[in-house]
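Colleague: Task: produce atomic coordinates for the following.
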Amino acid sequence: MWGAWLIGILATAHLVLAPKFADTWWFDITTNFRPYQWGVIVLCAGAVLWRFSRLLGLLAILTVVTVALGLNEGLQSKFLPQARELRETPPALALRGVQVLSFNLLSTNPMPEHALDWVFNEALSGDAATRLIFLMEVTPDWIPRLAALRTKFPHHIELPRDDNFGFALYSSVPLNRVFVRSFDDKSNVPGLTGQIPHGKDWISIIGVHPVPPVNARFFQARNEYLGHVRELIGLTPGPVLAFGDFNCSRWSPHWAPFENLGLQNAFGGLFPPATWYTFRGLVRTHVDHVLFSPHFAVKKAEVSGFLGSDHRALKVEF
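Modeller: Below is the predicted model of the structure:
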């Protein structure tokens, strides 16, 4: 019982101290796995309560099972639908008929044909007039395989790289004022900004993929990158869509400024679906996002199954 007390206190202390250590890279990484921490806390509480009340202990254990259900892909696919209808009746003034597909392909994906078949089929499904596909970790080897997308989406920009930070954007409508820019001075990793027409409106788009915060230098580079993205969004009038692999979950202290901008996340809720995994899928979190300004209302948000990458693809219909 004393072990459960100690572990529970340490896990709780971590939650409380997270904002205090927000500038420490290794501490920030641990904040991205918040549901696991809650699971540990509740499990420890259940172990302690079991000695006093079997009922309370059982309730705590059932809570942990619920958390596990929210994190485990196999259980999700068995008990929960992948697609979620978020709003049945969007506001009358909301922009409609826009579809965004965002996917970190993984530069060394062992199943490229399977991944691109899913992208191609999902990109053409539905009746959206405006369709966007943003692909990350596009290397020169991926370019020949993307020929089918270029045929169906004649408006595109491809920036392959030999590292993990190449990308490609495909659009069913013309691209306007597209700029490839670096959002930080430390890693020189590019992002993309531009505009697309949608009826009488112009939609500003931002595709992002900063470096992962795996050391102090990359941590600072990611924070600088996201800071410049937020600054750009704050200065952009009208409808805005931002999408990609942010390498940051909503539980990180460095995510809060995005929420202060008034942006909404297409994948919210108590347990947002995990989009990145490691250790053979045992540890996972959500670092891929589709953010939108209040001009939109989400009709459907979907996360793909396994496509050979360590990320899942996101598909959002407005």
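Colleague: tell me the domain ranges of this structure?
Modeller: As given by automatic domain parsing, the domain ranges for the chain are 2-71, 84-317.
Colleague: Single out the most deeply packed of the ones you listed.
Modeller: domain 84-317 (a mean of 18; mean count of other CB atoms under 10 Å). All C-beta atoms are positioned from the backbone trio N, CA, C, and that covers glycine.
Colleague: Tell me where the stretch 151-300 of the chain has strands.
Modeller: Here the stretch 151-300 of the chain has its strands, by DSSP state E, counting those that start in this stretch, at 155-159, 167-171, 176-182, 190-198, 201-208, 240-245, 264-265, 276-278, 283-285, 288-292, 300-303.
Colleague: go on, the stretch 1-150 of the chain?
Modeller: 83-85, 98-104, 130-136.
Colleague: Would you mind measuring from residue 32 to residue 251?
Modeller: Residue 32 is 6 Å from residue 251, where distance means CB to CB, to the nearest Å.
Colleague: what's the overlap in contacts for the two?
Modeller: residue 285 (CB atoms under 8 Å, 6 or more residues apart in numbering).
Colleague: Help me confirm that residue 118 comes into contact with residue 302.
Modeller: No - the pair residue 118 and residue 302 fails to qualify as a contact (CB atoms under 8 Å) at a distance of 11.1 Å.
Colleague: how close does residue 127 get to residue 172?
Modeller: 12 Å.
Colleague: Equivalent analysis for residue 201, please.
Modeller: The spacing between residue 201 and residue 172, counted by CB to CB, is 15 Å.
Colleague: export the domains of the chain to CSV and tack on mean pLDDT?
Modeller: Formatted as CSV, the domains of the chain follow (pLDDT from 0 to 100):
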stretch, mean pLDDT
domain 2-71, 66
domain 84-317, 90
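Colleague: sorry, back to before: mind putting the strands of the stretch 1-150 of the chain into TSV with distance to residue 181?
Modeller: Converted to TSV, the strands of the stretch 1-150 of the chain look like this (distance: least, CB to CB, whole Å):
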stretch	distance to residue 181
strand 83-85	33
strand 98-104	18
strand 130-136	15
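Colleague: can you pull the contacts of the closest residue to residue 217 other than its chain neighbours?
Modeller: Closest residue to residue 217 in three dimensions, ignoring its sequence neighbours and counting by CB to CB, 6 or more residues apart in numbering: residue 186, at 6.3 Å. Going by CB under 8 Å, 6+ apart, residue 186 touches 217, 218, 220, 221, 224.
Colleague: residue contacts, the second one?
Modeller: In this case it means residue 218. 25, 186, 187, 211, 212.
Colleague: Now do the contacts for the third one.
Modeller: Right, residue 187. 210, 211, 218, 221, 225.
Colleague: if we can go back for a sec, how close does the residue nearest to residue 217 sit to residue 306?
Modeller: For residue 186 relative to residue 306 (CB to CB), the value is 33 Å.
Colleague: How about residue 149?
Modeller: Distance from residue 149 to residue 306, by CB to CB: 21 Å.
Colleague: repeat for residue 33
Modeller: In terms of CB to CB, residue 33 sits 20 Å off from residue 306.
Colleague: Residue 300 now?
Modeller: On the measure of CB to CB, residue 300 and residue 306 end up 21 Å apart.
Colleague: same deal with residue 133?
Modeller: For residue 133, the distance to residue 306 (CB to CB) stands at 19 Å.
Colleague: What of residue 176?
Modeller: For residue 176, the distance to residue 306 - CB to CB - is 36 Å.
Colleague: again with residue 163
Modeller: 24 Å.
Colleague: for residue 94, same thing?
Modeller: 33 Å.
Colleague: Distance to residue 289 added to the contacts of residue 218, as JSON lines?
Modeller: Compiled in JSON lines, these are given as follows (distance: CB to CB, whole Å):
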{"residue": "25", "distance to residue 289": "20"}
{"residue": "186", "distance to residue 289": "22"}
{"residue": "187", "distance to residue 289": "20"}
{"residue": "211", "distance to residue 289": "16"}
{"residue": "212", "distance to residue 289": "15"}
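Colleague: Take those residues and keep only those in helices.
Modeller: Counted as lying in helices by DSSP state H, out of those, are residue 25.
Colleague: now, among the contacts of residue 218, which is nearest to residue 256?
Modeller: Nearest to residue 256, judged by CB to CB, of those is residue 25 at 17.2 Å.
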